[in-house]
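K.L.:
below are the sequence and a predicted model; questions follow.
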Amino acid sequence: MSASSICSITTCTQIALPGKFKCLKHKKKSQCTVAHCPNLCNKRGVCVGHGARRGGCRVVGCRSTQRRVGHFCYLHGKQQPSSTPHSNHGPVGPKLQSHMMTVVQPTTTPLGFICQDTAQCNDLQHQMMDSPMLDDEWIVECLAALDHPAASSA
């Protein structure tokens, strides 16, 4: 190897360290252990695309390890802006923008039904959506207490 070789990471243009294949920035990173994957590994020897994030999609029966929205994969986390604005919220800012989303494809969990009907939408449901510790049974109980139609279909 010559003294002026380039870092072996595809997108990097830095000079590799003497006697090494990688530059100073990438010297401790190894390649994803999945066959033919050029990405650098983050955790457990794999890249984010192959499961470096903790856990996978929380929809029952889904085996995807590529999380996109909260605890859901690309298929079950699809969202689009709501067509009807929430009247009980102030101006749309970065914090409230997530509250104006509607699930496009309902999932098999009660979470997919929350805030589909903007008339039923209120602050308690938003707190449930934003909570990192969601439990499907607890959500159904809360929705039932609010007489939300999603409680009967879950």
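P.N.:
Received the coordinates, thanks. Numbering: from 1, shown residues only.

K.L.:
C-alpha from now on. contacts and neighbour counts both.
P.N.:
Noted.

K.L.:
tell me the pLDDT of the nearest residue to Val34 once chain neighbours are set aside.
P.N.:
Distances taken as C-alpha to C-alpha, 6 or more residues apart in numbering put Val46 closest to Val34, at 6.9 Å, once the chain neighbours are dropped. According to the prediction, Val46 has pLDDT 82.

K.L.:
and the gap between Val46 and Cys32?
P.N.:
4 Å (C-alpha to C-alpha, to the nearest Å).

K.L.:
any idea what the residue nearest to Val34 is bridged to?
P.N.:
Lys43 (DSSP bridges).

K.L.:
re earlier: what residues do Val46 and Cys32 have in common as contacts?
P.N.:
Leu40 (C-alpha atoms under 8 Å, 6 or more residues apart in numbering).

K.L.:
what residue ranges in the chain score low on pLDDT?
P.N.:
1-3, 53-56, 65-70, 74, 78-140, 142-143, 147-154 (pLDDT under 70).

K.L.:
span of stretch 31-41 from start to end?
P.N.:
Start-to-end, stretch 31-41 (C-alpha to C-alpha) is 5 Å.

K.L.:
touching, Pro38 and Cys47? I think so.
P.N.:
No - when contacts are counted by C-alpha atoms under 8 Å, Pro38 is not listed as touching Cys47 (9.2 Å).

K.L.:
who has more neighbours out of these two?
P.N.:
The residue with more neighbours, out of Pro38 and Cys47, is Cys47; 21 against 13, by other C-alpha atoms under 10 Å.
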